[in-house]
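# here is a sequence with its predicted model. Questions after.
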Amino acid sequence: MELLSGGEILIRALSDAKVKHLWGYPGGAALHIYDAIFRQDKLDHILMRHEQAAVHAADAYARVTGEVGAALVTSGPGATNAITGIATAYMDSIPLVVISAQVPQEKIGEDAFQEIDMIGVSRPTVKHSYMVKRPEDIAETIAKAFYIASTGRPGPVVVDVPKDVTDPNNKVAYKFPEKVKLRSYQPTTRGHSGQIKRAVNLLMSAKRPIIYSGGGVVLGNASEQLRALARRLNYPVTNTLMGLGAFPGTDRQFVGMLGMHGTFEANTAMHHADVILAVGARFDDRVTNAVDRFCPSAKIIHIDVDPSSIAKTVRVDIPIVGPCDVVLSDMLDQIQQADLQTDEPAIGEWWQQIDEWRSRHGIYTQSRYEPSEGDNIKPQDVIKTLYKVTKGEALVSSDVGQHQMFAAQYYLFDKPRQWINSGGLGTMGFGLPAAMGAQMAYPDANVVCVTGEGSIQMCIQELAACTQHQLPVKIIILNNQALGMVKQWQDMQYGSRYSHVLYEDSLPDFVKLAEAYGHVGMKVTHYDQLESSMEECFALKDRVVIMDISVDQHEHVYPMHVAPGSMRDMWLSKTERT
Amino acid sequence: MKRLISVLLENEPGSLSRVVGLFSQRGYNIDSLSVAPTEDKTLSRLTLTTVGDDHKIEQITKQLNKLIDVVKVIDLSEGVHIERELMLLKVKASGAARAEIKRCVDIFRGQIVDVGPTTYVVQIMGESTKLDAFIEALGDAAILEVVRTGVCGLLRGEKSLKI
């Protein structure tokens, strides 16, 4: 049997767990591991400029490929820097394994240099964590970590590795376990057939149904099953922010995103629905508005692989615990085998009602904002132009704020895993490293980071890593010279007292900044230039391009839920509400 | 409503902190907690008392089950069960009070396990309400120190929490 050091075992085990790219940043406690990386060529290590970004990139790689992302950080500050990334992945249930180096075991607890209790610090942000105490245990722990990260409801797993465990002078036998079994962890693999039957009966009897699908459909690769079921039923579908793309954005049955900035038709249809089929969604507070006023006449079917997501915030009538793809195809099978029919006249009327809502206040039937003109570019138009120029096929990452909502509303995602954003934690700084992760997975794709002049500055150092690793992402800055979403709330609820959301001429020259990193910078100040500049930007296939686009500072994102209220209580513009 | 929840968990370093962390992280209360290894040394059994309505307890049980180290969870208060808690008290005992305390201990079927010139150490076992009643009967003035183990419990009958 082959004898390897702990460092070598770790890297070999990662390869055997099918990791191709390891995003990381070295440091003292990780030196043995980095030496092992140097002496092999199976695993591609990508040196980032900050641990948070390393984890975001690994996370995005997982989001676009469906594989488990992997990151490596050193102890102490390396580990704490990774926390925001880990928490981001945790809130969005992203399969991720983060290896953190640790000080040698004999030093643990002594407040040694760069020591932090990573298991303790990361505990509320992980699905599980391990500290490895012997080189003999590394391979099995890595196998377990990947198994836990990728099965059931996915999530990040931290593996903390003290330096002495990776000692190059201590060689032990290496064997990667073929199978992992944990007596305390058995994810559900099928839905309860009785519950599915009840759900199908309720679904077929619906007069005003809606399918509310979330990130779980994307993560659970259930998009095809969702489409098949929705088409068979001819029911309207709404996606959550995390679920965009699971059902095609351009489909007639799609009523848009729901929630705080969801469409009028999606939120109103939810409110009036008699049956809601919730799939892989978690009734998040950004969806429901006030829970006690949520969808008063609806019977709710809730499919989720995680039992703790069911009835957490909203009571449900028919819970089904199981993987979305399996449960949805079981439902469809039952419908097809028994050739069950929906209440067609009622569904016809329901569609008439929805179409009326669409034409009354829908953002897709006509423009609901003042048109762009001259040097007043509307952020919505930037996204619409981006959609047009990239033919709706780009992989789009975003940061957090108004630009994120405009991107979610106006870029019509037709495919799952095409839209990469931090929905749960809402992490500014996610966009650029996320775009890098996506670009690494799909080197030939158009990868765009839609961001703001605020968010981009939170991980801007990664422009250097883009150069080093040839990741030609395109960065679209909706530059309104303000922290737009906070400003919007200050406009709406704080009498336009702009407390610390303006930059007072301190913004960098993004064109020069791009050039300083060896990239291309473009500044767009007139609407006439927008499309042609964007064409130019995407023609530069092998270059990172920053497009600094000046947009209207005073534009707000609408619709917006009136809180506290029900799903249908919305501001439709600055002056108009439902 | 008071609930008694029993958890069988992997006897691994850090597994207790995951359970305790879960409670503070999600805003649940722990009123008492007792934990020790079982006859199978790879497993620990943890018993905790908490307060909540059905919805909250359902969430607590689900969240506990979600922890990878947790093997099984049972809400003992859902069925007929036995619960016990052990309490040690150091009390002032001099003069006439010595006999008075001795009588009180007998009534509660406790034992005096240490005798000092002016103090007793008393041991009482039973349900938490009985322990509370003993403290009340004795009165604050007499009590120097109290330590309680927290509740542990088992279901009556054949059903058991095992893997």
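Arrived safely. Residues are numbered from 1 along each chain as shown, chains lettered A, B, ... in the order given.

# distance of the most far-flung residue of chain B relative to its centre relative to chain A?
In chain B, the residue that sits farthest from the middle, by Cα atoms, centre = their mean, is B:Gly95; the gap is 33.3 Å. Per Cβ to the nearest Cβ, to the nearest Å, B:Gly95 is found 50 Å from chain A. (C-beta placed from N, C-alpha, C; glycine too.)

# tell me if that residue really is in a helix.
No - in this structure, B:Gly95 is coil, not part of a helix, as judged by DSSP: H, G, I helix; E, B strand; the rest coil.

# per-residue confidence at it?
We have a pLDDT of 90 for B:Gly95.

# just checking: what are the partner strands of the helix or strand encompassing B:Ser6?
Here B:Ser6 sits within strand B:2-10, counting by DSSP states H and E. Each strand paired with strand B:2-10, and its direction, by DSSP bridges: strand B:43-51 (antiparallel), strand B:70-75 (antiparallel).

# switch these over to TSV; also include distance to A:Arg190 and mean pLDDT.
Formatted as TSV, the strands paired with strand B:2-10 follow (distance: least, Cβ to Cβ, whole Å; pLDDT from 0 to 100):
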stretch	distance to A:Arg190	mean pLDDT
strand B:43-51	28	96
strand B:70-75	21	96
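
# adding mean neighbour count, write the ones you listed out as CSV.
Listed next are those as CSV, based on neighbours: other Cβ atoms under 10 Å in any protein chain shown:
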stretch, mean neighbour count
strand B:43-51, 21
strand B:70-75, 20
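
# after the strand holding B:Ser6, which helix or strand is next?
helix B:15-25.

# run the chain-centre distance for that following helix.
Distance, stretch centre to chain centre, for helix B:15-25: 17 Å (Cα atoms, centre = their mean, to the nearest Å).

# give the other helices and strands that the next helix or strand after it contacts.
Counting by DSSP H and E, the element after helix B:15-25 in chain order, helix or strand, is strand B:32-37. With contacts taken as 3 or more Cβ pairs under 8 Å, 6 or more residues apart in numbering or on different chains; DSSP states H and E, strand B:32-37 sits against strand B:43-51.

# could you say what helices and strands the helix or strand that the strand it packs on is followed by packs with?
Sequence order places helix B:54-66 as the next helix or strand after strand B:43-51, per DSSP H and E. The contact analysis (3+ Cβ pairs under 8 Å, 6+ apart) places helix B:54-66 against strand B:2-10, helix B:15-25, strand B:70-75.

# tell me the angle helix B:54-66 makes with strand B:43-51.
Helix B:54-66 runs at 160 degrees relative to strand B:43-51, counting by axes from the mean of the first three to the mean of the last three Cα atoms, to 10 degrees.

# quick one: residues contacting A:Glu373.
Applying Cβ atoms under 8 Å, 6 or more residues apart in numbering or on different chains to A:Glu373 gives the contacts A:Tyr527.

# what bridges to it?
What pairs with A:Glu373, by the bridge criterion (DSSP bridges), is A:Asn376.

# try A:Ser550
Residues in beta-bridge contact with A:Ser550 (DSSP bridges): A:Asn479.

# what does A:Tyr130 give?
Here A:Tyr130, judged by DSSP bridges, has bridge partners A:Val159.

# ok, it to A:Ser150 distance?
As judged by Cβ to Cβ, to the nearest Å, A:Tyr130 and A:Ser150 stand 15 Å apart.

# more crowded one of those two?
A:Tyr130 (23 against 18; other Cβ atoms under 10 Å in any protein chain shown).

# contacts only, for the more buried one.
Neighbouring residues of A:Tyr130 by Cβ under 8 Å, 6+ apart: A:141, A:144-145, A:157-160.

# A:Tyr410 too?
By Cβ under 8 Å, 6+ apart, the residues touching A:Tyr410 are A:363, A:380, A:383-384, A:387.

# what about 10 Å?
A:249, A:363-364, A:379-387 (Cβ atoms under 10 Å, 6 or more residues apart in numbering or on different chains).

# residue contacts, the residue nearest to it when sequence neighbours are not counted?
Distances taken as Cβ to Cβ, 6 or more residues apart in numbering or on different chains place A:Ile383 nearest to A:Tyr410, at 3.9 Å, with adjacent residues excluded. Contact partners of A:Ile383, counting by Cβ under 10 Å, 6+ apart, are A:396, A:398, A:403, A:405-412, A:450, A:476, A:478.

# secondary structure and pLDDT added to these, as TSV?
Below are the contacts of A:Ile383 laid out as TSV (DSSP: H, G, I helix; E, B strand; the rest coil; pLDDT from 0 to 100):
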residue	secondary structure	pLDDT
A:Val396	strand	98
A:Ser398	strand	98
A:His403	helix	98
A:Met405	helix	98
A:Phe406	helix	98
A:Ala407	helix	98
A:Ala408	helix	98
A:Gln409	helix	98
A:Tyr410	helix	98
A:Tyr411	coil	98
A:Leu412	coil	97
A:Val450	strand	98
A:Ile476	strand	98
A:Leu478	strand	98
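
# what residues does the stretch 301-450 of chain A put near chain B?
A:306-313, A:315, A:321 (Cβ under 10 Å from any Cβ of the partner chain).

# state the pLDDT value of the closest residue to A:Ile9 other than its chain neighbours.
Spatially, and ignoring its direct neighbours in sequence, A:Ile9 is nearest to A:Ile138 (4.6 Å; Cβ to Cβ, 6+ apart). pLDDT recorded at A:Ile138 is 98.

# still on that earlier bit, is it possible to get a markdown table of the strands paired with strand B:2-10 that adds distance to A:Asn446?
Output for the strands paired with strand B:2-10, formatted as a markdown table (distance: least, Cβ to Cβ, whole Å):
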| stretch | distance to A:Asn446 |
| --- | --- |
| strand B:43-51 | 52 |
| strand B:70-75 | 45 |
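
# out of the ones you listed, the one nearest B:Glu145 is which?
With Cβ to Cβ as the criterion, B:Glu145 lies closest to strand B:43-51 of the strands paired with strand B:2-10, at 22.0 Å.

# give me the angle between the closest one and strand B:32-37.
Here the directions of strand B:43-51 and strand B:32-37 differ by 170 degrees (the same axes, to 10 degrees).

# so A:Lys299 sits against A:Asp274, correct?
Yes - between A:Lys299 and A:Asp274 there is a contact under Cβ atoms under 10 Å: 6.7 Å.

# which neighbours does the strand ranked longest in chain B have in its sheet, and in what orientation?
Secondary structure of chain B per DSSP state E: the longest strand is strand B:81-92. Using DSSP bridges, the strands paired with strand B:81-92 are strand B:119-126 (antiparallel), strand B:143-148 (antiparallel), strand B:152-155 (antiparallel).

# relative to chain B, how far out is the closest residue to A:Phe247 other than its chain neighbours?
Leaving aside its sequence neighbours, A:Phe247 sits nearest to A:Val237 (Cβ to Cβ, 6+ apart; 4.4 Å). From A:Val237 across to chain B, the span is 28 Å (Cβ to the nearest Cβ).

# beta partners for A:Val237?
Bridge pairing for A:Val237 - DSSP bridges - gives A:Ile211, A:Phe254.

# got a list of what it touches?
Listed by Cβ under 10 Å, 6+ apart, the contact partners of A:Val237 are A:210-213, A:226-227, A:229-231, A:243, A:246-248, A:251, A:253-256, A:266, A:277, A:279.

# narrow those residues to those in helices?
If you go by DSSP state H, those have A:226-227, A:229-231, A:266 in helices.

# let's have these in a markdown table, adding neighbour count and distance to chain B.
Formatted as a markdown table, these follow (neighbours: other Cβ atoms under 10 Å in any protein chain shown; distance: Cβ to the nearest Cβ, whole Å):
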| residue | neighbour count | distance to chain B |
| --- | --- | --- |
| A:Leu226 | 28 | 25 |
| A:Arg227 | 19 | 30 |
| A:Leu229 | 21 | 27 |
| A:Ala230 | 22 | 29 |
| A:Arg231 | 14 | 33 |
| A:Ala266 | 28 | 28 |
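
# sweet, I'm off.
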